[in-house]
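Undergrad: okay, sequence plus prediction incoming.
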Amino acid sequence: MSEDIIKIKSFLFAIRIVNLYKTLISRSEYVMSKQVLRSGTSVGANIREAKNAESKADFIHKMGISQKEADETLYWLELLQATNYLSYE
């Protein structure tokens, strides 16, 4: 059985997002942390839904939603970095 790399990587990404959320909450950042938690964990959830799609069109739709959630997550991460809640050091 081959590994499902997108399933694995999206799950590991969600774990990192949850840990980031915990860190941001400990720094009293509640609004952006909740947004990045929601969108970041949604990526993998939508990929899992796509795996059980009812049709090819349903699969494409759910993967598209996952892509949009990934882009939204990138926005929140960039905003957190620009406002000095995160650094790349």
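TA: Sure, I can see it.
Undergrad: tell me which residues touch the residue positioned nearest the centre of the chain, please.
TA: Centroid check for the chain by CA atoms, centre = their mean gives Gly40 as the closest residue, at 1.9 Å. For Gly40, the contacting residues are Phe13, Ala14, Ile17, Leu20, Glu69, Thr73, Trp76, by CB atoms under 8 Å, 6 or more residues apart in numbering. All C-beta spots, glycine's among them, are computed from the backbone N, C-alpha and C.
Undergrad: I'd say Ile6 and Ile47 touch.
TA: Yes: contact criterion CB atoms under 8 Å: Ile6 and Ile47 qualify, at 5.8 Å.
Undergrad: now what about stretch 77-89, what contacts it?
TA: Leu20, Leu24, Arg27, Glu29, Met32, Val36.
Undergrad: which of the three states applies to Asn84?
TA: The three-state label given to Asn84 by DSSP: H, G, I helix; E, B strand; the rest coil is coil.
Undergrad: ok, it - how many residues close by?
TA: Using other CB atoms under 10 Å, Asn84 has 7 neighbouring residues.
Undergrad: again, but for Leu80
TA: Neighbours of Leu80 under the rule other CB under 10 Å: 19.
Undergrad: going by secondary structure, it is in what exactly?
TA: Applying DSSP states H and E as the criterion places Leu80 in helix 56-82.
Undergrad: within the helices and strands, which one has the residue nearest to the centre of the chain?
TA: helix 31-51.
Undergrad: buried ones among the contacts of Gly40?
TA: The neighbour count (16 or more other CB atoms under 10 Å) marks Phe13, Ala14, Ile17, Leu20, Glu69, Thr73, Trp76 as buried among the contacts of Gly40.
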